[in-house]
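Novice: need a structure here:
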Amino acid sequence: MPDNIADTAYEMMGSKQEPTSANNTKNMDYGRYEVIPYLRLDDNDTNNWFMVWKSQMKKDLIWIDRITPEISNTVDFETMMMKHAVYFRCAFGFIDWRWIYGHVVS
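Specialist: Model (predicted):
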């Protein structure tokens, strides 16, 4: 959710009654969703939004440590500074994409 519409989402999800009127209609979305603002969504458009099924996302996203971090150190004799190097290889991807739903608002 972009930061520009995060306040509206917090109002919708955090009100027990209907947030836009004086009626005492029950808000059926109260406590159902978690709002997570993401600043990078404001870069392209301020109306686009996405929903994520968090438990399924954690199952379907994969991270592979192809080479675990190898650390080496040396001393530069000209400046007497310590140099550090870390070498590793990793990969990431997904098994299934159906844990995310979004809308690009025109």
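Novice: who touches the longest helix seen in the chain?
Specialist: For the chain, the longest helix by residue count, based on DSSP state H, is helix 6-14. Applying C-beta atoms under 8 Å, 6 or more residues apart in numbering, the contact partners of helix 6-14 are 1, 19, 27, 29-35, 37. To be clear about C-beta, it is placed using only N, CA and C from the backbone, and glycine gets the same treatment.
Novice: now do the buried residues in it.
Specialist: Residues of helix 6-14 classed as buried by neighbour count (16 or more other C-beta atoms under 10 Å): 6, 9, 12-13.
Novice: likewise for stretch 58-66?
Specialist: Quick answer for stretch 58-66 (16+ other C-beta under 10 Å): residue 60.
Novice: what does that stretch rub up against?
Specialist: With C-beta under 8 Å, 6+ apart as the criterion, stretch 58-66 contacts 88-97, 99.
Novice: switch to 6 Å and redo it
Specialist: 89-96, 99 (C-beta atoms under 6 Å, 6 or more residues apart in numbering).
Novice: which pair in the residues you listed spans the largest distance?
Specialist: 89 and 99 (26.4 Å; C-beta to C-beta).
Novice: compare these two and say which is more crowded by neighbours.
Specialist: Shown here are residue 89 and residue 99; by other C-beta atoms under 10 Å, residue 99 has more neighbours (18 against 10).
Novice: which one of the contacts of stretch 58-66 has the most neighbours?
Specialist: Going by other C-beta under 10 Å, residue 99 tops the contacts of stretch 58-66 with 18 neighbours.
Novice: isn't it right next to residue 56, touching?
Specialist: Yes. Here residue 99 lies in contact with residue 56, judged by C-beta atoms under 6 Å, at a distance of 4.0 Å.
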